[in-house]
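Q: 3D, please:
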Amino acid sequence: MDEEIMTGEIEKIEEQPDELEMLRARNAELEKEIADRKGLSMRLEKEISEFSEMFPDVPLTEIPDEIWDEVKRGLPLSASYARHERKRQIAQRKADEANKNAMEKSSGSVSGTTDHYFTADQVRKMTASEVKKNYSHIINSMKHWN
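A: Okay, the predicted model is just below:
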């Protein structure tokens, strides 16, 4: 009977190195994950600081999710935001040109006034200076929004 107990104890001791190796491997994985997260955190802190210097008037809360998705994929925050803003400006310029062309082709309004109306989406995409420039048109436009 003592021999059976000894054999069981020996088997338990022999199993421990495998378990110990598994724990060491898992510990190494967790340490790497922690290091990766620290690196990402440091990168984001640096990019947010750089972004705040380049775009001081833009709160981080107003950055669209698509930009944060690009940042997660490795694109710098400032570069992603600048790219996004450039696309927005090009789209706004095209919309303005289309509106201008439509107004030029139009025979004019029946009442003789030349009110210009903006959609809510167009106003949302305007910069502060564009809103200031078009303020009276925006106020008139808001009367037509549902």
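Q: Strands of this protein, start to end?
A: For the chain, applying DSSP state E gives no strands.
Q: measure Lys46 to Ala98 for me?
A: From Lys46 over to Ala98 the distance is 41 Å, taken as C-beta to C-beta, to the nearest Å. In this view, the C-beta of every residue, glycine as well, is placed from N, C-alpha and C.
Q: ok, now Glu45?
A: 42 Å.
Q: Then Leu40?
A: 42 Å.
Q: do the same with Gly74
A: Gly74 is 36 Å from Ala98, by C-beta to C-beta.
Q: cool, and Ala35?
A: In terms of C-beta to C-beta, Ala35 sits 52 Å off from Ala98.
Q: Same question for Arg26.
A: Distance, Arg26 to Ala98, using C-beta to C-beta: 60 Å.
Q: before we move on, what about Lys143?
A: Going from Lys143 to Ala98 by C-beta to C-beta gives 22 Å.
Q: Show me which of these two is the more surrounded one.
A: More neighbours surround Ala98 than the other of Lys143 and Ala98, with 10 against 7 (other C-beta atoms under 10 Å).
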